[in-house]
Structures are given as C-alpha cells and as structure tokens.
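A.B. asks: build the 3D model from these lines:
(one chain, ligands or ions: 2)
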Amino acid sequence: MAMIQKILTLCRSSLPSSSSSSSSSTDSDEKSIEHQKSSSSTTSSTITMVNNDEENIMMMKPKWQPKRHLNCCGCDWFHLGKQWQNYRNKRRNEDEIKLLLIGLDNAGKTTLALHLAGESVDDVVSTIGFSKYELRLRQNRFKIVLYDVGGSARIRSIWHNYYSLVHGIIFVIDSADLERILEVKQLLQELASNPLILGKPILIFLNKQDIPEAMDEIDLCKFTNFEEILSKYQCITKIESISAKKTAIHSHNSSNESPHQIDSTIDSGLRWLLNWIDDQWPLLNLRVEQESRQQISKENDTMRKRINRIQQRILIEAESKVPNTIAANNETKSIIIDHQPKSIDNIDNNRTNDNENISSIDNENIGHHHHHHKPEILLIPNVTNEQPTTTTTTTTMDESISTKSPTDSTQSIRPPLKRTNKIYPQNID
Ligand SMILES: Nc1nc2c(ncn2[C@@H]2O[C@H](COP(=O)(O)OP(=O)(O)OP(=O)(O)O)[C@@H](O)[C@H]2O)c(=O)[nH]1
Ligand SMILES: [Mg+2]
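C.D. replies: Ligands and ions are numbered 1, 2, ... in the order given. Model (predicted):
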C-alpha cells in the first residue's frame, strides 16, 4: 500500500503547475504563441480582462488552459503525451537554426559574423542587402544559418521579411555611439512589439567595448528604458558586452597554429541563445515553419497579382498605342511575349522599374499615341539581358530598396561592396 501511495505521489508531482518552477518551457512557449494570435498587443500574455457580472467588477482571469485528463493513477495524459511528443521532436544536429543579425549600420554585425566564421575582419565594408553565413557552432552541435542584414535606414525596411523565417535574433549595438541611442531604443521597441518576434529570443550584443567611453548594460537600460520594453512585451532577452573586432583580430591571428576560437563573451551569449532555442525546438520550429509558409504564400500571391496586372496593362497599352497596321500589332505582341520575365524573382527584382516605365508611358502617351510611340521592348526593362548570377540578390535588393524610403539620413559613408552570399561549412568551434 505504501508503495502504491509512493507511485501516486510521484505521478502527481509530474503534473505541471502554473505557479511552480516546473511550469515547463513548452508551456511558456505555447503561451507566447497564443499571445501572438490574440489581437491584444499590450496586455500580458498570461492574463486577460473579463467582465464579472455578479460583482460588476473587472477582474483578471487566467487564459485558456488545456483540459487535464487524469488517469486512474492521477497522471495527466495530456502532459505525458506532450512530453513524449517533445522527446520525439527533439532537435537533431542536422536541423538548421536560423538566426537574424540586425542592428544599426556601423554597429559591427558583419565583423561579428566574420569572427564567427573565422574570417579576417580587416576590410569589412557596409552591407548592401544581406549576407548569408552557414556555420557549425559548439562542437558541431548546432548547424546555423546566419542572415547578416544591412542596418542603414534604407535597408532596415527589409528586416521584417526575415522575422517569420528565423528562430532567434542577434541585435548588435555600437556601445560607443551614444548619439544614436534613441534610434536604438526605437528599433528595440519596434522589434520587441512585432508579433512575429514575440516569444522568440533576442540576444543583445553591446559591441565595441574596447573603446573607453563604451556604455555598459546599466547605461543601456537607463538610456533606452529597456526594462520597460522588456516587461511590456515580455521579451526573452540576454545582454552581453563584447568586442567583436578586437577578439576577431586576436583569434584570426592565432588561427594559423590553433583552431579558430570564439571569444568567451560572444560564446556565452550564443550558448544562451542556442540552448534556449534547443529547449523550445518542437514548438518554436513548428511555429517558424508555419509562419514562413504563410509568408511565402502571401508573397507569391502578391507577386502573381502583380504579374497579372503588369501583363494586362502591357497588352492594353500595346493594343491601344502601336498599331496602324495589324502586322505591326502582331509584331508588338510577339515582342512582349518574348520578353516576359522567366521567373517570379525577375519580376520582383524589376518591379520598381516596371512600374516606373509603365507610368512614364502613361504620362507621355496620353493624347500622343502616334507621335511618341516607344518600341514595346522598353516596356519590360532589364529583363531581356539579365543573366542570373550569385550577386543578383544583393544588387537588386539594394535597387528595389532605394525606392522604398528615399529619405535616408543615416547612410554609411563607407564604400559599398557587392558581396556574394558566403558559405562557411567548416567547423569553427
Ligand atoms: N573599435 C571597434 N570597432 C569595431 C568593432 N566591431 C566592429 N568595429 C568597426 O565598426 C565598423 C563597422 O563594422 P561593420 O561590421 O561593417 O558594421 P555593420 O553593423 O555590419 O554595418 P552595416 O553593414 O552598415 O549595417 C568597422 O569599421 C569595424 O571595424 C569593435 O568591437 N571595436
Ligand atoms: Mg554589415
């Protein structure tokens, strides 16, 4: 009998409790995902306001919880099932962890990425578009895909495209640049409040600690009201003070004799980030997969609509403008069809130009059909001779971005580099 009682006690102790520290990490992740779905953006993820008729007061009530189905021993089937599912869905070493590296321009993101890749940081230049790094960290345990996205004001508008694709964020701050601390504060606020980021870990690197006037963690909290942001959006955050350049130079110089070593402060931050993602893998990865799929299908839809619109307008323009003779008309159509973009990417990359040209033709040709007719080949510019190259993404991204926010006051003065995406498959731990 005593034995049975002992077993019962053991089983009951495995029940998750909201107040105890055993409230599992998967539960907290569930809450954050739930939080995302809820329309309320400012209230806490664990509570919701309800109207109590009896006492006619507003009270706080816990959110929806799964029903507990206790078996004869008092065990919770739901919880046990979840544990088993988590065990089965555990991350394997080959599963890719996708990380986004962001922060203001000149913060040291690329320097950090190169340091992690064991590359020289001597001639680092401002990032136009993005660079992709494939890394193996922590004794090969983690296969990382790192997106280093440019931080200048024009490029920041593409950051959000990566939010749904990644498992975690690394936010780099130039600690010696106090003049731009308000800009940092605004970016942190925008990042923390984005529904696609809620529930994902943000590792903050206070970079350039080798400069004497660099601010520390306390300064950051003071200048950015960081604690308020943290509690308002329930961020999962760690701040680490580092010097990407100094440690990178040191480790790169010594890398001839010994294997590449990552600086201990950088390593400690990464360890926190990667272990957190590892712990939350089943639900976090499920969420990333679902949200990435949604984003891709949304983008494809938009793209398809845009292609249709452009095709229709081109045909209408062609039919209404050209043709004094049927032959000329036929010729025009065949030219247009010959030069349809071969892929969605092409249309996307050239969409700005397409629209510009179409509108310019609109303006120029109203009432001047026969005098100012342009050859139709000009209707789809840049598509005809474009050859796919590895540098296309970077270059065209910059081109399309340049039209998004023309008032860029914070552009880097360093010369831009058209860098191809880099792949670093080697072990660097
Ligand atoms: N003193 C010091 N300088 C650093 C450190 N890390 C980076 N830098 C310098 O800061 C400048 C900008 O570094 P990048 O890595 O290009 O900065 P970024 O964040 O990638 O900038 P964008 O690509 O424009 O967004 C470079 O001159 C680096 O050498 C550091 O830890 N200490
Ligand atoms: Mg860069």
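
A.B. asks: what are the buried residues along stretch 291-300?
C.D. replies: Using 16 or more other CB atoms under 10 Å as the test for burial, stretch 291-300 gives 291, 295. The C-beta positions use only the backbone N, C-alpha and C, and glycine is treated the same way.

A.B. asks: quick one: mean pLDDT for it?
C.D. replies: Mean pLDDT, computed over stretch 291-300, is 91.

A.B. asks: all helices for the stretch 51-200 of the chain, in order.
C.D. replies: Taking DSSP state H, counting those that start in this stretch, the helices of the stretch 51-200 of the chain run over residues 77-88, 109-117, 153-156, 160-163, 181-193.

A.B. asks: so which of those is the most surrounded?
C.D. replies: Ranked by mean neighbour count, the helices of the stretch 51-200 of the chain are led by helix 109-117 with a mean of 25 (mean count of other CB atoms under 10 Å).

A.B. asks: now check it, is it near ligand 1?
C.D. replies: Yes: contact of helix 109-117 with ligand 1 (CB under 6 Å from any ligand atom) involves 109-111.

A.B. asks: pretty sure residue 113 contacts residue 147?
C.D. replies: No: look at residue 113 against residue 147 with CB atoms under 8 Å: they stay out of range, at 9.3 Å.

A.B. asks: who touches the residue in the stretch 201-350 of the chain that ligand 1 sits nearest to in this structure?
C.D. replies: Closest contact between the stretch 201-350 of the chain and ligand 1, by CB to the nearest ligand atom, is at residue 245 (3.2 Å). By CB atoms under 8 Å, 6 or more residues apart in numbering, residue 245 lies in contact with 108, 111, 115, 121, 208, 210.

A.B. asks: secondary structure element for it?
C.D. replies: Residue 245 belongs to helix 244-253 when elements are defined using DSSP states H and E.

A.B. asks: residues in contact with the next helix or strand after that helix?
C.D. replies: Following helix 244-253 in sequence order, the next helix or strand is helix 264-279 (DSSP H and E). Identification of contacts with helix 264-279 by CB under 8 Å, 6+ apart yields 25, 91, 97, 99, 112, 115-116, 137-138, 141-142, 144, 167-168, 170, 201, 203, 205, 236, 238, 240-242, 244, 247, 262, 284.

A.B. asks: let's see it at 6 Å
C.D. replies: 25, 91, 97, 142, 167-168, 201, 203, 238, 240, 242 (CB atoms under 6 Å, 6 or more residues apart in numbering).

A.B. asks: where does residue 311 fall, phi/psi-wise?
C.D. replies: phi -60, psi -40 (degrees, to the nearest 10).

A.B. asks: can you count the residues close to it?
C.D. replies: Residues contacting residue 311 under the criterion other CB atoms under 10 Å number 16.

A.B. asks: that one and residue 317, how far apart?
C.D. replies: 11 Å (CB to CB, to the nearest Å).

A.B. asks: how close does residue 93 get to ligand 1?
C.D. replies: As judged by CB to the nearest ligand atom, to the nearest Å, residue 93 and ligand 1 stand 29 Å apart.

A.B. asks: give me every residue that touches that residue.
C.D. replies: residue 141.

A.B. asks: at 7 Å what do you get?
C.D. replies: If a contact means CB atoms under 7 Å, 6 or more residues apart in numbering, then residue 93 has 140-141, 143 as its contacts.

A.B. asks: quick one, which of those are buried?
C.D. replies: residue 143.

A.B. asks: for the contacts of residue 93, which one is nearest residue 230?
C.D. replies: Of all those, residue 141 has the smallest distance to residue 230: 28.6 Å, by CB to CB.

A.B. asks: residue contacts, that closest one?
C.D. replies: By CB under 7 Å, 6+ apart, the neighbours of residue 141 are residue 93.

A.B. asks: what about 10 Å?
C.D. replies: In this structure, residue 141 makes contact with 91, 93, 274-275, 278, 429, judged by CB atoms under 10 Å, 6 or more residues apart in numbering.

A.B. asks: re the thing from before, rank the helices of the stretch 51-200 of the chain by mean pLDDT and give me the bottom one.
C.D. replies: helix 77-88 (a mean of 67).

A.B. asks: how close does residue 129 get to residue 205?
C.D. replies: 22 Å.

A.B. asks: which one's more surrounded, those two?
C.D. replies: Using other CB under 10 Å as the criterion, residue 129 and residue 205 rank with residue 205 on top: 28 against 23.

A.B. asks: now the phi/psi pair for that one, please.
C.D. replies: According to degrees, to the nearest 10, residue 205 has phi -100, psi 120.

A.B. asks: ok, now residue 213?
C.D. replies: phi -90, psi 10.

A.B. asks: and if you look at the one 3 residues further on?
C.D. replies: Per-residue torsions, residue 216: phi -110, psi -170 (degrees, to the nearest 10).

A.B. asks: how about it, nearest residue that isn't a chain neighbour?
C.D. replies: residue 241 (6.1 Å; CB to CB, 6 or more residues apart in numbering).

A.B. asks: and if you look at residue 163?
C.D. replies: residue 196 (3.8 Å).

A.B. asks: can you pull the contacts of the one you found?
C.D. replies: 36, 160, 162-166, 287-288, 291, 295.

A.B. asks: TSV for those, including distance to ligand 1?
C.D. replies: Formatted as TSV, the contacts of residue 196 follow (distance: CB to the nearest ligand atom, whole Å):
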residue	distance to ligand 1
36	28
160	16
162	14
163	17
164	21
165	19
166	17
287	28
288	24
291	25
295	23
